[in-house]
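Colleague: From the sequence below, what's the structure:
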Amino acid sequence: MTRRASIVTWCAFVAALLLVGCERPTPTLRALAPDARVLAFGDSLTFGSGAQADESYPAVLATHIGREVTRSGVPGELSSKGLERLPSELARHRPALVILCHGANDLLRKRPVGALTENLTRMIALVRASGAEVLLVGVPQPSLGRLHLAPVYTEVAAANGVPLEGEALPRILSDDGLKSDGFHPNAAGYSQLATSVAAALEAYGALR
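Modeller: A predicted model of the protein is given here:
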């Protein structure tokens, strides 16, 4: 091997090491104890608008995972108000895990994405400071036709190293048969959301 070839090979090896070092580890969740409390926190999608209370995704999720799931959703709430409300909910319920699904109203009302990013990031920090784990559930970007996950959720999840379930709501809200109106699932849609969230909890290690 020539000196030039040796240098090229060494540079390629160093570059490969740098690439490996830059890869983000896959986020995980601590396993939930059998008596662990779960807090589902968000807006109307968490409240279950468009269905009965026992058909909301938190209610259905509780039957899937065999743990208490508290439904804490406020219809119409912006992420700034959710940020204000979250500390009292964490203190009241002392959850081991928070399922955070917020920001749909910010997107619908075309509020600045930077503010939503900051509010979600601060919510994640509050949850972690309380000692709880967090699963972020992404909301689709409002558009005509088939919906896709709003990029802010992927960015926030990656920047904060939190698990993300970002496929369910874009798929459900793109299907008229799973919606009660233009913005909310029906009972069948919430059931599918609960199933997807349960699958994400299992995949990230919360359920064993």
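
Colleague: Tell me how far the nearest residue to A206 once chain neighbours are set aside lies from L45.
Modeller: Among residues not flanking A206 along the chain, L29 sits closest, at 4.0 Å (Cβ to Cβ, 6 or more residues apart in numbering). Quick note: C-beta positions are derived from backbone N, CA and C, even for glycine. As judged by Cβ to Cβ, to the nearest Å, L29 and L45 stand 21 Å apart.

Colleague: quick one, helices of the protein?
Modeller: 3-22, 44-47, 57-65, 79-93, 104-108, 113-129, 151-160, 168-172, 187-203 (DSSP state H).

Colleague: possible to save the ones you listed as CSV with mean neighbour count?
Modeller: Listed next are the helices of the chain as CSV, based on neighbours: other Cβ atoms under 10 Å:
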stretch, mean neighbour count
helix 3-22, 9
helix 44-47, 24
helix 57-65, 22
helix 79-93, 16
helix 104-108, 21
helix 113-129, 17
helix 151-160, 17
helix 168-172, 22
helix 187-203, 21
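
Colleague: Save the ones you listed as a markdown table, and put in mean pLDDT too.
Modeller: As requested, the helices of the chain are arranged in a markdown table below (pLDDT from 0 to 100):
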| stretch | mean pLDDT |
| --- | --- |
| helix 3-22 | 40 |
| helix 44-47 | 98 |
| helix 57-65 | 98 |
| helix 79-93 | 98 |
| helix 104-108 | 97 |
| helix 113-129 | 98 |
| helix 151-160 | 98 |
| helix 168-172 | 97 |
| helix 187-203 | 98 |
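
Colleague: Out of these, which gets nearest to P34?
Modeller: helix 57-65 (10.2 Å; Cβ to Cβ).

Colleague: Now do the closest one against helix 187-203, angle only.
Modeller: 50 degrees (axes from the mean of the first three to the mean of the last three Cα atoms, to 10 degrees).

Colleague: Quick one: residues in contact with helix 57-65.
Modeller: With Cβ atoms under 8 Å, 6 or more residues apart in numbering as the test, helix 57-65 has contacts from 32, 38, 40, 45-46, 48, 53, 68-71, 73, 99, 185, 190-191, 193-195, 197-198, 201, 207.

Colleague: for stretch 167-177, same thing?
Modeller: Contacts of stretch 167-177 (Cβ under 8 Å, 6+ apart): 45, 101, 137-140, 145-149, 178-179, 183, 185, 188-189, 192-193, 196-197.
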